[in-house]
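Q: Predicted model follows, preceded by the sequence.
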Amino acid sequence: MSSSTIDAKPAKTVNQPLPWSLWWRQIRAIFRLEIEKNFLSRRSILLYLLALIPIGPLVLLAPFTPPGNEWQDFAQYNMIFAIYYGGLILRTVVFFGCAWIFMNLFRGDMIDRSLHFYFLSPVRREVLVAGKYLSGLVTSIILFTGTTIVAMLLLYLPHFPAESSRYFLDGQGLGQLLTYAGITVLACIGYGAFFLVVGLFFRNPIIPAIVLYGWEWLNFLMPPLLKKISVIHYLQSLTPVPVSEGPFAVVAEPTPAWIAVPSLILVTALVLIIASRRIRHMEIRYGGD
Amino acid sequence: MIVFDDVSKFYGEILGVNRVNLQIAPGITSLVGPNGAGKSTLMNLMTGLLRPSRGHVTILEIPTDQPEQLFRKLGYCTQFDSFPRGLTGEEFIRSFLLVHGIERKKAKELTQVALERVSLVEAGNRKMAAYSKGMRQRIRLAQAIAHQPEVMILDEPLNGLDPMVRAETIALFRKLAAEGLHLIISSHILHEVDMMSDRVILLNNGYVVAEGNVHGVRDEMQEHPMQILIRCDKPAKLAARVFDKDHVVEARLHDDRLGLFVKTRDADRFYLLLNAVVAEGEINIESIAPVDDDLSAVYQYLIGSEGSS
């Protein structure tokens, strides 16, 4: 009773100019939907709490000015912040915050069973990846750059307000502040792309996230070549105050900024291309007949 | 035209659908079959949510792996009862029209039209989390039709609707079909399918077991003779009159003895015979009605009772 077979091979595509304005409109629409989800959903409460973790101890310590004039040249403050930033903000808050935001961009929609609404729209899957990635990037940058800036100001300003103001307005303070903020932005770019892909390839992305976390923490023990296969190596190379990694650390030359920054961005672009390819061939199977 | 060219889909070793060849013309086409027959798989293949393991599917000559062209012409109302969180019905439809790339003003207009079509204008400003099941079904339908597609695929679109809204929705489907749209609808409610469909595709265990107009499908089922009930004043006499014909395989009196059930392998010849009987004037025939010339009967014969509702 079935009909006869007919030729149903895909039609040849005709070369047409790329519809950039359409793509841009679509990216904006996806961005708006996602940014609302990132900031206003119940899930985002955890994110706010995470972003506040580095602020809490500094607020508690704010009333206690350390004794002695040697603190007023800020060398100790600089070292304390470098350790605080590298250990707590960068390796923990930014890392897990990016994991939460970017893994949920697709995985969250799959859990909510709402990803098909995007897949049933006339949107190139690459455009979808771009829109979602941008929303994750803006969310993480706003939250964690905010955390970085507030944490640094909270460390310095309450104790020696006049000196701190001068330090930030006329001294090295502002440069350091912007450098740390820049490193946070780069971390969001790099970790974000990685976690976006992890969310696409793994049903349970927690395990690869923990593996990467371990890899990043153990980076100081690795030989120079392996160090370079990590995000943290490039980010640490950019920090304004070098921090000793302890007696067991394998010392490696920091990568200059002109190599570190483009390298991170290049790797991010490659990872996003992998994500686009993955999403292009992805099927929706969260329901059956 | 929607074309399936030798399409199979396997989930690992599990069969979704196998060797499907179909050409679906405009109008309402219903997919009918028990749970697990492959209805949703077929719909997901049509919309590119699933990729065929073998063969090609094209919708209006567009391959299903080109979403950026396909979904300008196609709307799919899925069975998934879930939505992006925190949106009102109106925001939901408008947001996804914007994702289509439609300009803001036009998107607003189209949203209003879609909400009107499913009678949800007043509820449009409420959060979808507060919607009843029927309202959620209608808002999904509105989202699927909002961009005014030429092909609409609707997976159990009448589920959860009250009788009044069901009737309105069926009327809407008929109107859209009359405008020349393709509507592919899956449903378990056979009498509704019978009422609204121009043709049906019967599926069982991943195979298309029949397709076409219900009466045409029934006519082709030679192994199941057509059953006809004739209401008349002398059923016993009529039985004697028809029983010697080679195409009549059974004649049985109705319990009230005012009617006769006849099973025939050739309904057309039987109707000609009845014309002759009427012309003779001996027997007064009150009514003639086929008993098993509907979708329920076809379903029963081809698929059995396991999935019928």
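A: In hand now; what should we look at?
Q: And the closest residue to A:G175 other than its chain neighbours, what's its pLDDT?
A: The shortest distance from A:G175 to any non-neighbouring residue, by Cβ to Cβ, 6 or more residues apart in numbering or on different chains, is to A:P240 (7.1 Å). In this view, the C-beta of every residue, glycine as well, is placed from N, C-alpha and C. Looking at A:P240, its pLDDT reads 91.
Q: helix, strand or coil for A:P240?
A: Using DSSP: H, G, I helix; E, B strand; the rest coil, the three-state assignment for A:P240 comes out as coil.
Q: so it sits right up against A:G173, yeah?
A: No - contact status for A:P240 versus A:G173: not in contact, 10.4 Å apart, counting by Cβ atoms under 8 Å.
Q: which residues are in contact with both of these two?
A: A shared contact of A:P240 and A:G173, defined by Cβ atoms under 8 Å, 6 or more residues apart in numbering or on different chains, is any residue touching both; here there are none.
Q: Looking at those two, which is more packed in?
A: A:G173 (22 against 16; other Cβ atoms under 10 Å in any protein chain shown).
Q: For the nearest residue to that one once chain neighbours are set aside, give me its contacts.
A: Once its chain neighbours are removed from consideration, A:G173 has its nearest residue in A:Y167; the separation is 4.0 Å (Cβ to Cβ, 6+ apart). With contacts defined as Cβ under 8 Å, 6+ apart, A:Y167 is in contact with A:F74, A:Y156, A:G173.
Q: any idea how far chain B is from A:Y167?
A: According to Cβ to the nearest Cβ, to the nearest Å, A:Y167 stands 43 Å off from chain B.
Q: and the residue nearest to A:G175, what does it touch?
A: Counting by Cβ under 8 Å, 6+ apart, A:P240 makes contact with A:N78, A:A82, A:Q172, A:G175, A:Q176, A:T179, A:Y180.
Q: so which of those residues is the most crowded?
A: Of these, with other Cβ under 10 Å as the count, A:Y180 tops at 25 neighbours.
Q: Could you give the average pLDDT over the helix or strand that contains that one?
A: Secondary structure assignment for A:Y180, by DSSP states H and E: helix A:173-201. Taken as a whole, helix A:173-201 has a mean pLDDT of 95.
Q: now do stretch B:62-75
A: Stretch B:62-75 carries an average pLDDT of 94.
Q: Ends of that stretch, what's the gap?
A: Stretch B:62-75 has its terminal residues 14 Å apart, counting by Cα to Cα, to the nearest Å.
Q: now what about that stretch, what contacts it?
A: Looking at what lies outside stretch B:62-75 - Cβ under 8 Å, 6+ apart - the contacts are A:10-11, A:119-125, B:45-48, B:51, B:56-60, B:100, B:143-147, B:149-153.
Q: Can you tell me which of the residues you listed end up in strands?
A: With strands defined by DSSP state E, the entries of these inside them are B:H56, B:V57, B:T58, B:I59, B:V151, B:M152, B:I153.
Q: My read is that the fourth one contacts B:V151, right?
A: Yes - the criterion here is Cβ under 8 Å, and B:I59 meets it with B:V151 at 5.6 Å.
Q: So for the two, which residue has more residues nearby?
A: When B:I59 and B:V151 are compared for neighbours, B:I59 comes out ahead with 26 against 23, by other Cβ under 10 Å.
Q: Enumerate the beta-bridge partners assigned to the more buried one.
A: Counting by DSSP bridges, B:I59 is bridged to B:I2, B:I62.
Q: roughly how far apart are it and B:I184?
A: If you measure B:I59 against B:I184 using Cβ to Cβ, to the nearest Å, the figure is 10 Å.
Q: Quickly list what's touching both of those two.
A: Contact with both B:I59 and B:I184 is made by residues B:I2, B:M46, B:V151, according to Cβ under 8 Å, 6+ apart.
Q: Which single one of those is nearest to chain A?
A: B:I2 (9.8 Å; Cβ to the nearest Cβ).
Q: residues in contact with that closest one?
A: If you count contacts by Cβ under 8 Å, 6+ apart, then B:I2 has B:L22, B:Q23, B:I24, B:M46, B:V57, B:T58, B:I59, B:L60, B:V151, B:H182, B:I184 around it.
Q: Quick check: phi and psi on the first one?
A: The one in question is B:L22. Dihedral pair for B:L22: phi -140, psi 150, per degrees, to the nearest 10.
Q: I'd assumed B:M1 was in contact with it.
A: No - applying Cβ under 8 Å as the test, B:L22 and B:M1 come out as separate, 9.8 Å apart.
Q: ok, these two, which is more surrounded?
A: Each of B:L22 and B:M1 had its neighbours counted (other Cβ under 10 Å), and the higher figure belongs to B:L22 (19 against 15).
Q: Next one: the closest residue to the more buried one other than its chain neighbours from A:Q176, what distance?
A: With Cβ to Cβ, 6+ apart as the measure, B:F4 is the residue that lies nearest to B:L22, at 4.2 Å, once sequence neighbours are left out. Computed as Cβ to Cβ, the B:F4 to A:Q176 distance reads 64 Å.
Q: Am I right that B:V209 is in a helix?
A: No - under three-state DSSP, B:V209 sits outside any helix and is assigned strand.
Q: Just list the residues touching it, thanks.
A: Applying Cβ under 8 Å, 6+ apart to B:V209 gives the contacts A:M1, B:L202, B:L203, B:L302, B:I303.
Q: again, only this time at 10 Å
A: By Cβ atoms under 10 Å, 6 or more residues apart in numbering or on different chains, the residues touching B:V209 are A:1-2, B:32-33, B:37, B:201-203, B:217, B:298-299, B:302-303.
Q: Repeat that for A:T255.
A: The contact partners of A:T255, by Cβ under 10 Å, 6+ apart, come to A:K227, A:K228, A:H233, A:Y234, A:L235, A:Q236, A:S237, A:L238, A:V261, A:S263, A:L264.
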